[in-house]
Each structure stands twice: as C-alpha cells, then as structure tokens.
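> okay, here's the prediction I keep looking at, along with the sequence it came from:
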There are 2 protein chains.
Amino acid sequence: MTARPANAHQARLLRLLRDGGPNSRAQLGDQVDLSRSKLAVEVDRLLETGLVVADGLAASRGGRRSHNIRLAPALRFLGVDIGATSIDVAVTNAELEVLGHLNHPMDVREGPVAVFEQVLSMAAKLRDSGFAEGFDGAGIGVPGPVRFPEGVPVAPPIMPGWDGFPVREALSQELGCPVMVDNDVNLMAMGEQHAGVARSVSDFLCVKLGTGIGCGIVVGGTVHRGATGSAGDIGHIQVEPEGRLCACGNRGCLEAHFSGAALARDAETAARAGQSAELAARLAASGTLTAADVAAAAAMGDATSLGLIREGGNRVGQVIAGLVSFFNPALVVIGGGVTGLGHTLLAGVRAQVYRRSLPLATGNLPIVLGELGPVAGVTGAARLISDHLFSPV
Amino acid sequence: MTARPANAHQARLLRLLRDGGPNSRAQLGDQVDLSRSKLAVEVDRLLETGLVVADGLAASRGGRRSHNIRLAPALRFLGVDIGATSIDVAVTNAELEVLGHLNHPMDVREGPVAVFEQVLSMAAKLRDSGFAEGFDGAGIGVPGPVRFPEGVPVAPPIMPGWDGFPVREALSQELGCPVMVDNDVNLMAMGEQHAGVARSVSDFLCVKLGTGIGCGIVVGGTVHRGATGSAGDIGHIQVEPEGRLCACGNRGCLEAHFSGAALARDAETAARAGQSAELAARLAASGTLTAADVAAAAAMGDATSLGLIREGGNRVGQVIAGLVSFFNPALVVIGGGVTGLGHTLLAGVRAQVYRRSLPLATGNLPIVLGELGPVAGVTGAARLISDHLFSPV
C-alpha cells in the first residue's frame, strides 16, 4: 500500500470503514459532516487509490440501491507485541480482524537483534501460511518507554540493550513497509478499545499486570503518552513508605510488592516456609514457580495462594484508587498475564477503589478484566499502524 | 454581546485575537488554514457582528498596509473565584486582562444564597467603578466538583448546602449574561495557562494547595475534567496506610496530613506544646493560627515552622511523584494560598519527585510556583466563559 488519504475527510472515512466495516455511501454520509456531492468526490478519490472498493449492494433506503464501500480486502497489517518473556505476532485485515496469530516464548533481554530475528521469522511463517502476501504496515509494542515520534525505546528498565535502538527504522527496512512503535501497555489499551471491553469508551485506564506493571491512558479516544512518552509508568509508585527494596533503587514500589515477578517470589518463599503443600508440590515438580502456578493453586482452593492474590489486589487497588481520584476515568480495565488470577484479584482491587476514591468518581465506574488476552496487544499494534496510515499525508 | 461565531474558523480567529491581541489580516492568515479570500470573508463577517473591530494600521509587510483587527474593546467578562474562605471577583476585557479586582473574606459554608448576594454586590461595585457597563459573560469557580455541562456542584465535601444548586442558571438570570461554572482548581490551571507560568504549555498539572488540595489537569491544551467532573481530586489520595483520620472517613489522606487547614492545626499543637516561641506568640496574639502565620514564622527562621513546611512538601511531593509517573506532564505548577510557604515547600516537593519518578519523566520537568496568585482563578474564569462564547453556536 503506497496510497494514503489526501485530506482529513478521506482519513475519517477510512477509519469509519475500519471500525464499522462495510458501509453504504448514505450510512457514511450520516457520520461525516460533508455535503452529498463532496462525500461522493472523496469516496470516488478513495476508490481510485485502491484503498477502498465497492462491495455488493447496500440495503435499500427507499431510493435507488447503492453499492457498499469497504476497505480493500487485500490490505494486511502486521501486529507485533514483544513482552518481557514472549513474543506475539499476528496478521490482520484492514478492519483489524486477526487472521493468523503466533506466540513464541523469548526473553526480551536477549536484545533487539535476536528478538527481531525471531519476529521476522514468525512474520515469514504467517506469510507462508497464506495469511498475507506482504504487509502494508506493521505496529510493534515493546515492554518499556518509547520516544514515540522516532519509535526508539528510551532507558527501558527491563530491556537492557534496547536503549536507543532504532526499532522503527530497522524493522521498516526489514519488512519493507511503514512501522510504528509504542509501549506494550498503550497497545493493550488500543486493542481493548478497538475490539474489546473498552469498545466505544473514550476515557479509560488499562492497567497491565505482567512481569512489570504499566497503565495505558486513553483521553478523548486517544492514547496519552505524556511529555516524554513515559506516561503510565505506575509500577514504581510507592505503596509502602518503608517497603521492599525495588530493582529501581527505591523502596516500597508497587512492582516490588506485587507483579508477576513479585508474586512468583512470594509464592516460592511461602512454599519453602511450608505454608502451602500445593505450592510446595509445584515447586518440587518444576524447580520454580510462576504467577500461573499461584493461579492454579488458588483455583484448587489453596488458602496461601488466595491470600497472596488478595493482598496483591489490595496493593494494586491502592494505586488505582489514587489514579481514579486523579483522572476520573469512565472505565478501568485490568489486563496482562496476571489476569489469570481473575476475580480474587479483581475483588481486592475493587475493595480499595470503592472504599478510597470519591463517590462521585466511583459511582458509575466499572472495574473489569480485559477481554482479549494476548489478542489485545497485537490488535492494538495493528490499530497503531492503521491510525498512522489512515492519517492525511 | 449576543453575537457568537457562526463556524469553527470564526471561533478560531476570535481565540487567536484573545490570546495574541491585535493582529493584521496577514498575521491571522499565517495562523489559520484558510485561503486569503476565505479568511477575508470570515473576518468581514466577524466585523459585521461587532465582535471584532478594525484598529489602526498594521506594520507593513511590503504591500499596501492593512488595518489591524482586534476584539471589540467594549467586551467585558466577569471572573468569579469562590474559595473556601474568600471570594475574588474581577472584570476583564476580551483579551482577559484584569481591569478591576475585588477580594472579600467569606466562608463558602454560608451557602449559595449568601455567597451570591456578595458576588453580585461585588460585581455591581466593579460596574459602578466604571470598569464595565455590563457583562458579556461570566465564569465562576467553586471549591468542589462540578457537573460541568449543567454547571451544578455535586456532593462538594467542603460546601454543605451547595449540592445540586443550579449555580449556572441562577447567576445567569441575575447577571443577564451567559455563565459557565467549573472547579476552582481547573480555573487556576486555565489562568496560569493563559497569562502565567504555563503559558504555551499544553500538558501540565496545576496543584492547588489551599484549605483543601486539588489538581488541574491540562491535556493537549484542554482541561481534563473526567467522566463525572471529579478529575483532579487528589486531596484524598492515601499517603500513610494507617495515617490520620480524615474528614472523609478514611485514614491517611493527603489533606489530613497536609493542607492549609492541617498545617494550621499542626502549628497550634506545636505552639501549645511549647515547641515554638514564635508560633506561641502569634497564637496568643490572635487566638488562632493560619498557614500564613506558619509562613511568617518560617520567614523569621522558626525551626518548627520550617520543619512543618518541609514535612508537608514531602507529603505533597509523594503524591505528585505518583502523578508524574502516571501522567508524564511537561510542567508541574504549585499554586494556592499555601504557596506563601514558598521555596521551602517547593524543595520538599522536588526532593520527592526527582527521587521517586522515572528519570525519563523528570529529566526535563520544571516544578514551579504559580505566577498569578489570586489573579489566576479570576483570569481562568474569564477564559472559561470566553472559550464558551468563542465557540461555534
């Protein structure tokens, strides 16, 4: 795809078709502030570019039936979500429906060269499986702060070796298409907004609980990245004045008290201290414990695991309560690997938020789990690049 | 003023003239995305409405010299800032310059009827002093959350008797002009943005430390009010898990540990406990202490007062550090009555923020005192109503 919309009207039409699927000219006309003749001009120009095509007859609205318009069915976006411990790669069509999706475990600390080799091989596999002939654009998420315009990670705490690496430029060259890069948490928020639980919500927070903890902030439908791209870095907010020592050097950070990594550590300590036969058995079997082990033990009724999760939910809830008071969102979404902990976690979070935040802010505030799981990040990545491509040149 | 801009272009031109003062047509043309002929049409229409007037010859740009355009010099806005313990009322011209300003001590708990009687008498006094013949619009700030579209306070903790009172409607009737109502903290942020330290900054936080504590949030140049208008309510964020009992019923809220009211209480306790001769003398003289007394004692080198201020700065800084991590602003402004505490306070805030937030977020983050003092709120109030009037009908 080399064509791009020539003006803001065309960009808006492309996004309407992306988000709403095939539409008649009349339906499109209802959603944009254009005269009938101007709309016809812009649609015709888009048809000429090949970005949109005519597609079947639209439902009659009384007069002559018109053709539906839709985005070109051959358009393909690549969505890449690089997590701390695994990589997700997916192909979507122009409506951002996932056509094919691969996951591969990999430690992000292996560095950008090894990680991108893996990403490119996964992309090739998806192409070879017939999901795409080529890619019209790619979105990439990385687990750390990104200088957004340049697509370069900046001082990412859990990604040694990535600082300043030109992710956008390097991948664009390898893939031969435009690339946009963002923080993985922002992409999860955009994914849930496009196709998940935050659909149609324009002001919300999306808290990702994984190896680390971050928060996607959506204001007026748009991701808020902050002055230097580090907005949403809530893992190092203090929850305990003289609390645990954190990897960042401070004491009492949320991440030091609760995150996938902290939970695994706490579970190992409990298992070794003989506080949980269930956890001890799992530790003996595999030599190490993960958040998933705690979730499984909790599902079997293990009191120690349930206690750890509840306590963690309280910690996260303590921070979210502050954010709710500050930001007054319409919705809080909890996502990420730790959501396997499910409703015990959610109950802990809710207890804190509903108790601590102003009634006006919590009166009508759903706090829910994300819907899309690992699909959220790759969908958000596809949305990121489509937002870029469906913008006026 | 009954005229309003007929479209978005006219609205933009009016705001450019408000924020930049008189401009030539050529200068205006440089700032808007309009052809020369379309610009001329819109300017001519604005001249017809009387909202703008021709005003002297513009500097030559080579060709025929053209007239400057400016907002009608007779336009007058009323800015009202109702605080917990005093009322500020000011008249501004269309460029939001304060022409006359009155302050009157009054407890907001006397209720809306008594407060508005006072506001109207102050407005009449300003009119009688010749600053205005009438008002083209008024902006009002109140010290509590506001349901913004309707201009109605909602469950305001420190304003018993105001819950649900139709401030906008009632004052509009009394004053005979359009009125907009907002939270006082949002107005302080808008004031500092229009004419103060945040001029030209589009993403910043403005923390108001007064009787209570609140935070104005500006995103992309616009105040973020949140889903229900309560955004920025940071006074009840927890700073101490098992801390002091707060008026809200929870423990350890920021306001319970530091605010104008908490500081006065702590100072009285210290004076009675014989910890400060300076504070004791002031208490003996007036029977009570205020934040201003602590500021004065600190200025004379009183160690107890300096300690209380430093400790307070640390508490506020602890909360701001979290907000900086979350929101990644380009600037943090500290304003409100407690800013008389000055640089001792600021030092405490900075120490916490620079120590606790991610380097990427604090690397280039000024934390400064507000510039406008009591003028910030009334200027923000005038800006609020002008934003409304300078919007397309």
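Ah, there it is.
> for A:E150, give me its contacts.
When contacts are counted by CB atoms under 8 Å, 6 or more residues apart in numbering or on different chains, A:E150 touches A:P166, A:R168. From N, CA and C alone the C-beta is placed, and that goes for glycine too.
> give me that answer again for 10 Å
In this structure, A:E150 makes contact with A:G164, A:P166, A:V167, A:R168, A:E169, A:V181, A:G229, judged by CB atoms under 10 Å, 6 or more residues apart in numbering or on different chains.
> so which of those is the most crowded?
Of all the contacts of A:E150, A:V181 has the most neighbours under the rule other CB atoms under 10 Å in any protein chain shown, reaching 28 neighbours.
> and that residue, that one's in a strand?
Yes: membership of A:V181 in a strand is supported by DSSP: H, G, I helix; E, B strand; the rest coil.
> what does the stretch 51-200 of chain A have sitting close to chain B?
Near chain B, the residues belonging to the stretch 51-200 of chain A are A:G144, A:P145, A:R147, A:V154, A:A155, A:P156, A:P157 when assessed by CB under 10 Å from any CB of the partner chain.
> show me what contacts the second one?
Contacts were defined as CB under 10 Å, 6+ apart; by that measure A:P145 touches A:152-157, A:159, A:182-183, A:185, A:214, A:225-226, A:228-233, B:328, B:358, B:360-361.
> PyMOL command to pick out the buried ones of those residues?
When burial is assessed using 16 or more other CB atoms under 10 Å in any protein chain shown, the buried subset of the contacts of A:P145 is captured in PyMOL by this command:
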select buried, (chain A and resi 152+153+154+155+156+157+159+182+183+185+214+225+226+228+229+230+231+232+233) or (chain B and resi 328+358+360+361)
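> okay, and which of the residues of the stretch 51-200 of chain A next to chain B map to strands?
With DSSP state E as the criterion, strands contain A:R147 from among these.
> what's the farthest-apart pair in the residues of the stretch 51-200 of chain A next to chain B?
A:R147 and A:P157 (15.2 Å; CB to CB).
> for the stretch 251-393 of chain A, which residues are neighbours of chain B?
A:251-254, A:318-319, A:321-331, A:352, A:355-365.
> tell me the buried residues within these.
Using 16+ other CB under 10 Å as the threshold, A:252-254, A:318-319, A:321-331, A:352, A:356-358, A:360-362, A:365 are the buried ones among those.
> in stretch A:46-59, what counts as buried?
Of the residues in stretch A:46-59, those scored as buried under the neighbour-count criterion (16+ other CB under 10 Å) are A:L46, A:T49, A:L51, A:V52, A:V53, A:A58.
> with respect to chain B, which of these is nearest?
Minimum distance to chain B across those is 21.7 Å, recorded for A:L46 (CB to the nearest CB).
> for the closest one, give me phi and psi.
The phi/psi pair for A:L46 (degrees, to the nearest 10) reads phi -60, psi -40.
> didn't it look like it was pressed against A:R12?
No: using CB atoms under 10 Å, A:L46 makes no contact with A:R12, being 11.0 Å away.
> show me the contacts for the spatially most central residue of chain A.
Of all residues in chain A, the one closest to the mean position by CA atoms, centre = their mean is A:M188, 1.1 Å from it. Shown here is A:M188, whose contacts under the criterion CB under 10 Å, 6+ apart are A:81, A:141, A:196, A:206-208, A:210, A:214-216, A:333, A:335-336, A:370, A:372-381.
> type out the PyMOL command that picks the buried ones from the residues you listed.
Buried residues among the contacts of A:M188 (16+ other CB under 10 Å), as a PyMOL selection:
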select buried, chain A and resi 81+141+196+206+207+208+210+214+215+216+333+335+336+370+372+373+374+375+376+377+378+379+380+381
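> one step back: tell me the SS of the residue nearest to the centre of chain A?
Following three-state DSSP, the label given to A:M188 is helix.
> nearest residue to it in space, ignoring adjacent ones along the chain?
Spatial nearest neighbour of A:M188, excluding adjacent residues (CB to CB, 6 or more residues apart in numbering or on different chains): A:A376 at 4.6 Å.
> what helix or strand does that neighbour sit in?
Following DSSP states H and E, one finds A:A376 within helix A:374-389.
> same check, this time on A:V207
strand A:204-209.
> relative to strand A:179-183, how tilted is that strand?
Orientation check (axes from the mean of the first three to the mean of the last three CA atoms, to 10 degrees): strand A:204-209 against strand A:179-183 gives 80 degrees.
> parallel or antiparallel, list what pairs with strand A:204-209.
Using DSSP bridges, strand A:204-209 pairs in its sheet with strand A:213-219 (antiparallel), strand A:332-335 (parallel).
> now mean pLDDT too, for those strands, in TSV please.
As requested, the strands paired with strand A:204-209 are arranged in TSV below (pLDDT from 0 to 100):
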stretch	mean pLDDT
strand A:213-219	95
strand A:332-335	94
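> contacting residues for A:H101?
For A:H101, the contacting residues are A:79, A:88-92, A:122, A:126, A:131, A:374-375, A:378-379, by CB under 10 Å, 6+ apart.
> so which elements touch the lowest-mean-pLDDT helix or strand in chain A?
Within chain A, confidence by mean pLDDT, DSSP states H and E is lowest for helix A:359-362 among all helices and strands, at a mean of 80. Using 3 or more CB pairs under 10 Å, 6 or more residues apart in numbering or on different chains; DSSP states H and E as the contact definition, the elements that helix A:359-362 packs against are helix A:303-327, helix A:342-356.
> again, only using 7 Å
Secondary structure elements in contact with helix A:359-362, counted by 3 or more CB pairs under 7 Å, 6 or more residues apart in numbering or on different chains; DSSP states H and E, are helix A:303-327.
> list the helices and strands the helix it packs on packs on?
For helix A:303-327, the elements it packs on are strand A:204-209, helix A:254-257, helix A:260-272, helix A:277-286, helix A:291-299, helix A:342-356, helix A:359-362, helix B:303-327, judged by 3+ CB pairs under 7 Å, 6+ apart.
> measure the residue in the stretch 251-393 of chain A that chain B sits nearest to to A:L254 for me?
When distances are taken as CB to the nearest CB, the stretch 251-393 of chain A approaches chain B most closely through A:N328, which lies 2.4 Å from it. For A:N328, the distance to A:L254 (CB to CB, to the nearest Å) stands at 21 Å.
> then A:L283?
Here the distance between A:L283 and A:L254 works out to 25 Å (CB to CB).
> next: A:G139.
Separation of A:G139 from A:L254 (CB to CB) stands at 28 Å.
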